[in-house]
Structure formats: C-alpha cells, structure tokens
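Asks: Structure of the sequence below:
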Amino acid sequence: MLRDAVRALAEAKIAPHAAAVDEEARFPREALDALVANDLHAVHVPEEYGGAGADALATVIVIEEVARVCASSSLIPAVNKLGSLPVILSGSEALKKKYMTPLAKGDAMFSYCLSEPDAGSDAAGMKTRAVRDGDSYVLNGVKRWITNAGESEYYTVMAVTDPEKRSKGISAFVVEKSDEGVSFGAPEKKLGIKGSPTREVYLDNVRIPADRMIGEEGTGFATAMKTLDHTRITIAAQALGIAQGALDYAKGYVRERKQFGKPIADFQGVQFMLADMAMKIEAARQLTYAAAAKSERGDSDLTFQGAAAKCFASDVAMEVTTDAVQLLGGYGYTRDYPVERMMRDAKITQIYEGTNQVQRIVMARNLP
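Replies: Okay, the predicted model is just below:
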C-alpha cells in the first residue's frame with residue numbers, strides 16, 4: 001500500500017517536473033510541496049515529535065519510489081534523515097523536541113555537514129573549529145558538498161573541539177541557517193542530481209548556545225559514523241529507484257521500437273540485457289531491504305550490511321542506467337529521453353556518503 005501510494009504521487013506530482021528540474025538545475029519545489037502535503041518529506045521522524053514514525057524499510061521504499069522518477073527529489077526525504085538522525089541518535093530530549101517538530105511539520109529541512117575541502121574520505125582530518133566561550137560555542141570553518149545547503153533551515157555540523165584528540169576531539173552541533181555568520185557558496189555545477197543544490201557552508205564566528213551540542217563533547221565523530229551506518233541504506237534505496245526507473249523505461253521502449261520488421265524486444269541479445277538488468281536490480285533490492293531491517297533492529301552487523309547495500313546497489317544503478325542508454329541507441333544519448341538523466345544521476349550514488357572504495361574498506365574491516 002505504501003509503495004502504491006508513493007508511486008502514484010511520484011508519477012502524478014513529481015515525474016512531470018523531473019526533466020525541467022534537471023534542465024534548469026533548480027530545486028524541485030513541486031516535489032517538496034507534494035511530499036510535505038502527503039507527509040512523505042521526513043517519514044522517519046518519530047510520532048512523539050509529530051512525525052509519521054516510519055521504520056527504516058518504509059523510509060527506503062519512499063526514497064526508492066521517488067528516485068524512480070526523479071533522483072534530485074528523492075534527496076528530500078533522504079537528506080532530511082541524514083541531517084536529523086544525529087539528533088535522534090545522540091541529542092538531548094529538548095534538542096529533539098525543538099528540531100524534530102518543525103521537521104515533521106514540513107516547516108524546515110535538515111542538512112548534514114561533515115565533509116570539508118581537505119577532509120573527504122578522511123573526515124576525521126576536518127579543520128572546522130568550535131571553541132567554548134561561556135555558555136556558547138563559536139564555530140569557524142568551511143563545509144563542502146553539502147546537499148540542499150541554502151534550502152535547509154537546520155544543519156548538523158561536525159567541528160573540532162579538541163585538536164589533540166583527532167576523531168575523539170570532534171563534536172556535533174545544530175546550526176541554524178539564520179544564525180549570524182552562516183553563509184553559502186555558489187551552487188556546484190554538477191553532472192547529475194542537478195535539482196538538489198550542493199554548496200559550501202561558511203561558518204564565520206558563528207556563536208551558538210552550548211545546549212545545541214548533540215551528545216557529549218568529543219562524541220561527534222562517533223555519532224557521524226553511526227549515522228552513516230543507517231543512512232547509507234537510503235543511498236542504496238536511491239540507487240535502486242534510479243535503476244528501476246531506467247529499466248522500466250527501457251522495457252517499454254524496446255517493445256515499441258521496430259527494426260528488421262519486429263520489435264527489438266524480440267531479439268535475444270536485447271532480452272539477455274534486460275534479464276541481467278532485472279536480476280541485478282532484484283539482488284540489490286533484497287540486499288537493501290535486508291539492510292534496512294538490520295538498521296531498524298540495530299543488528300551488530302549493520303555496518304557491513306549498510307556498506308554492502310550502498311556499494312552493490314550504486315554499482316548496479318550505474319551499470320543498469322548505462323545499459324538503458326545503450327538499449328535506446330542514439331535516442332538514449334539525448335535529453336529528450338529520461339535514461340540519459342538517470343545515467344548522470346546514478347553516478348553520484350557511487351561517490352557520496354562514502355565512495356564505493358571506502359565502502360569496501362568498511363566491509364573488509366567488518367567482515368561478518
């Protein structure tokens with residue numbers, strides 16, 4: 001029922017704008033409005049804060065179905081979870097109430113600020129500082145590759161509170177867009193997901209109350225990593241949706257397209273391609289859903305399973321979208337057909353929330 005409802009909404013309210021959102025590289029306002037109106041913009045927020053209280057699997061299905069028609073739009077529910085999960089996992093009750101309630105209502109979005117210009121895969125090498133000053137912390141630094149920056153009201157920011165301790169000297173804070181000293185860089189000019197703004201976040205003597213720290217001082221990096229264990233699965237879901245959308249489109253196309261007097265779907269070479277695409281998508285789906293169940297239960301092998309789901313599903317998405325372009329031939333290479341966009345959108349799923357090379361390191365260190 002959930003899948004049917006989200007699919008119907010996505011096809012009616014989000015799909016019609018997907019090409020224009022990509023072409024104009026603009027934020028998918030129509031998608032945000034539709035998701036908020038149907039309480040699908042941040043389904044993971046617990047009921048006690050006015051949220052839908054969706055479990056990890058339901059959240060995955062929402063993201064998958066939105067990504068099937070528009071990858072940029074699927075980053076609304078995905079990044080709302082990424083940005084707010086540190087507060088849910090480690091924040092005080094007061095912090096949860098203050099920030100989860102407007103998120104659940106759709107009054108605000110949440111972004112996640114971990115990466116920096118010189119701290120990508122080596123996130124513990126960050127330079128952003130937070131210095132205690134009485135009842136406040138003063139933050140200075142630059143965060144890079146921040147999804148939905150400028151659109152979101154709230155930002156979970158990781159900053160160094162004790163430079164001597166490396167990862168154990170990093171703390172997490174909630175920064176608000178309206179805080180004095182917060183500003184944003186120009187949107188990045190990207191290959192794909194063009195409807196989701198990616199910008200730098202500048203923190204210039206940003207003074208925030210000490211009670212906006214998430215958890216204890218020095219626990220920020222552990223919270224950041226724990227968050228990624230859960231949210232990598234949302235990237236797997238996004239990749240899965242993109243791949244499914246590309247297969248669905250290619251399937252319809254090969255049945256209509258005639259060459260040598262018959263639909264190209266009748267040629268065994270084409271059939272084998274479609275069979276492989278469908279098989280790999282199904283394998284990715286099972287891995288992703290199983291990882292979502294582990295996320296919900298907090299299983300001990302979540303770190304391995306989350307990395308495996310993200311890595312496998314994103315590799316499948318890249319392969320399937322590339323094959324979809326091939327199946328459409330010259331048409332697939334043009335912007336008149338959606339598979340070209342899907343191929344460009346798929347690429348980022350192999351890179352963000354930890355490159356697939358890093359996922360393999362994570363898996364190797366956490367072999368079941």
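Asks: For the rest of this, base every contact and every neighbour count on C-alpha atoms.
Replies: Will do.
Asks: Tell me the residue in this structure that is farthest from the middle.
Replies: Largest separation from the mean C-alpha position in the chain: residue 261, at 44.1 Å (CA atoms, centre = their mean).
Asks: What helices and strands are in contact with the strand or helix carrying residue 155?
Replies: Applying DSSP states H and E as the criterion places residue 155 in strand 154-160. Helices and strands touching strand 154-160, by 3 or more CA pairs under 8 Å, 6 or more residues apart in numbering; DSSP states H and E, are helix 71-90, strand 110-113, strand 129-133, strand 170-176, helix 220-256.
Asks: Which among the ones you listed is found nearest to residue 143?
Replies: Closest to residue 143 of these, according to CA to CA: strand 110-113, at 6.0 Å.
Asks: helices or strands up against the closest one?
Replies: Short answer (3+ CA pairs under 8 Å, 6+ apart): strand 110-113 packs on helix 71-90, strand 136-147, strand 154-160.
Asks: From the rest of the structure, what touches the second one?
Replies: Residues from elsewhere that reach strand 136-147 (CA atoms under 8 Å, 6 or more residues apart in numbering): 79, 111-117, 127-132, 159, 196-210.
Asks: how far is that strand from where the chain is centred?
Replies: With CA atoms, centre = their mean, to the nearest Å as the basis, strand 136-147 stands 20 Å off its chain's centre.
Asks: Give me the buried positions along stretch 138-151.
Replies: Neighbour-count burial for stretch 138-151 flags 138-151 (criterion: 16 or more other CA atoms under 10 Å).
Asks: Export those residues as JSON lines, with columns for pLDDT and distance to residue 26.
Replies: Converted to JSON lines, those look like this (pLDDT from 0 to 100; distance: CA to CA, whole Å):
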{"residue": "138", "pLDDT": "98", "distance to residue 26": "33"}
{"residue": "139", "pLDDT": "98", "distance to residue 26": "30"}
{"residue": "140", "pLDDT": "98", "distance to residue 26": "29"}
{"residue": "141", "pLDDT": "98", "distance to residue 26": "27"}
{"residue": "142", "pLDDT": "98", "distance to residue 26": "24"}
{"residue": "143", "pLDDT": "98", "distance to residue 26": "21"}
{"residue": "144", "pLDDT": "98", "distance to residue 26": "19"}
{"residue": "145", "pLDDT": "98", "distance to residue 26": "17"}
{"residue": "146", "pLDDT": "98", "distance to residue 26": "16"}
{"residue": "147", "pLDDT": "98", "distance to residue 26": "13"}
{"residue": "148", "pLDDT": "98", "distance to residue 26": "11"}
{"residue": "149", "pLDDT": "98", "distance to residue 26": "13"}
{"residue": "150", "pLDDT": "98", "distance to residue 26": "12"}
{"residue": "151", "pLDDT": "98", "distance to residue 26": "11"}
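Asks: right, and out of the residues you listed, which lies closest to residue 313?
Replies: residue 147 (20.4 Å).
Asks: measure that closest one to residue 211 for me?
Replies: 25 Å (CA to CA, to the nearest Å).
Asks: Residue 311 too?
Replies: Relative to residue 211, residue 311 is positioned 36 Å away (CA to CA).
Asks: Which one of these two is surrounded by more residues?
Replies: residue 311 (28 against 16; other CA atoms under 10 Å).
Asks: where does that one land in three-state SS?
Replies: Put simply, residue 311 is helix when judged by DSSP: H, G, I helix; E, B strand; the rest coil.
Asks: Thank you, goodbye.
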